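J.: let me see the structure of the following:
(one chain, ligands or ions: 2)
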Amino acid sequence: MFALVHNDRHYYERIAKQVEGIFTVQQVYSLSELQRLGGLEGIFADARLVAAIRERMPGVPVMVIEEPFAVSEAMRWWDSVQKPQAAPTSPFLTSVGFTPVTMPQIERTGGRRGKVILFVSPKGGSGRTTLCAHMAAFGAAQGKRVVYIDADDDKGDTAAKFGLETEYTDYRGWRGHTFEAAIADGLAITPQEFTGLSVVPGPKVVSGSAVGNLGEDAAFLANLAAQYADMVLIDTVQGWNPMQIQLLPLVGHIVIVVAPKAGQEENTQLMISKLVYTQLPSTQISVLINHPDGRFDWKTYEHIVSPFAVTLSVPFDRAYKKKGGVKAKQIIRACGNWWKEQYGFPVKQATKLKWRR
Ligand SMILES: Nc1ncnc2c1ncn2[C@@H]1O[C@H](COP(=O)(O)OP(=O)(O)O)[C@@H](O)[C@H]1O
Ligand SMILES: [Mg+2]
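T.: Ligands and ions are numbered 1, 2, ... in the order given. The predicted model follows:
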């Protein structure tokens, strides 16, 4: 039952007629009378009375009656009262419904505004590290200041690609004030051959332990790095996890590395959906198809990644598989123009995408 609080009899009768069959209303003349009514669903009242009613009857929804009264308006009001408020859409929510993680307080303190690119993939062994490391080496060789953060707590093997030793300081929990301090503290290392590059190796020293705060640590470092470098590349663990979600607010671009092997269709589909749900504009997401050494169904994969444009198709470099490093000719040839674009170098002609072989 609804109460209609008003002291004009004619007015009451007119409204009662209008809402007939939709709301059951009881006319009430005074606030004390209103308080005596039990089991009220809602109250219609004159604007001047609303504050007093809300104070006396907390928890009962009140609709302000305005002239001319429209029953459709009342129905809309009642609808909105009954429906739970829709959750605000957030880029940090994903389709699988896990609660958004607490964000670290990230403050940009000025200086440079390096671009931050996140490398992700549905599956381990897709080529994230290979493509990310090649891109880092390319930029550094062309005179850019590049930071590579290996935030893969599972198989962080970046260091090996640059000929660095693989056991380093565990950077989790480090809270310095500048990226220069990270270099001085040994968290970031410059490979001999690439003076413009700083590599933060993966925290492999704690292999096997649950690395819950790695996202926060990587975000902290990436934020400092963005003020120091032109380009910050973050290599992350397979899948789309709270860690990547924590990094999202810093990220200007996401690269999804897809190695389209048979049997990985479902994984890839899931990853693509999660990226769609981040609500990032598709211009900030690139799909790199990294060809595995094996067969797969092109048509299926073409369809699966279709919410985003396939930016690049990278061939399998047979010679590279044995050699390692960051100098695979075929990879450089396939990615060069796209790298230039990302680093802001002039590109003579657009990359022609060879999507099919
Ligand atoms: N385009 C490619 N051509 C040849 N070998 C590749 C290519 N991409 C990746 N690989 C090889 O595949 C393996 C897995 O690649 P990696 O970059 O470590 O994957 P992820 O970082 O996604 O786990 C490595 O041995 C790497 O050398
Ligand atoms: Mg890797």
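
J.: so what's the residue of the chain found nearest ligand 2 up against?
T.: Closest residue of the chain to ligand 2, C-beta to the ion: residue 129 (3.2 Å). From N, CA and C alone the C-beta is placed, and that goes for glycine too. Counting by C-beta atoms under 8 Å, 6 or more residues apart in numbering, residue 129 touches 119, 150, 152, 157, 158, 161, 235.

J.: could you export the helix or strand that contains it as CSV, CA atoms only?
T.: Assigned by DSSP states H and E, residue 129 belongs to helix 128-141. The C-alpha coordinates for helix 128-141 follow below in CSV (Å, rounded to 0.1, in the frame of the first residue of the first chain):
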residue,chain,number,x,y,z
ARG,A,128,55.1,-12.6,-25.5
THR,A,129,58.7,-12.5,-24.3
THR,A,130,60.2,-13.0,-27.7
LEU,A,131,58.1,-10.2,-29.3
CYS,A,132,58.4,-7.8,-26.3
ALA,A,133,62.2,-8.3,-26.1
HIS,A,134,62.6,-7.7,-29.8
MET,A,135,60.6,-4.5,-29.6
ALA,A,136,62.6,-3.3,-26.6
ALA,A,137,65.9,-4.0,-28.4
PHE,A,138,64.6,-2.2,-31.6
GLY,A,139,63.7,1.0,-29.8
ALA,A,140,66.9,1.1,-27.7
ALA,A,141,69.0,0.5,-30.8
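
J.: about what we covered before: would you turn the contacts of residue 129 into TSV with pLDDT?
T.: TSV is the format used below for the contacts of residue 129 (pLDDT from 0 to 100):
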residue	pLDDT
119	97
150	90
152	85
157	76
158	82
161	89
235	94
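
J.: of these, which is the nearest to residue 202?
T.: When these are compared for distance to residue 202 (C-beta to C-beta), residue 150 wins out at 3.9 Å.

J.: packing partners of the strand or helix carrying that closest one?
T.: Assessed by DSSP H and E, residue 150 sits inside strand 146-151. On a contact count with 3 or more C-beta pairs under 8 Å, 6 or more residues apart in numbering; DSSP states H and E, strand 146-151 meets helix 128-141, helix 158-161, strand 197-200, helix 214-226, strand 231-236.

J.: average model confidence for the fourth one?
T.: Looking back up the chat, that one is helix 214-226. Mean pLDDT, helix 214-226: 88.
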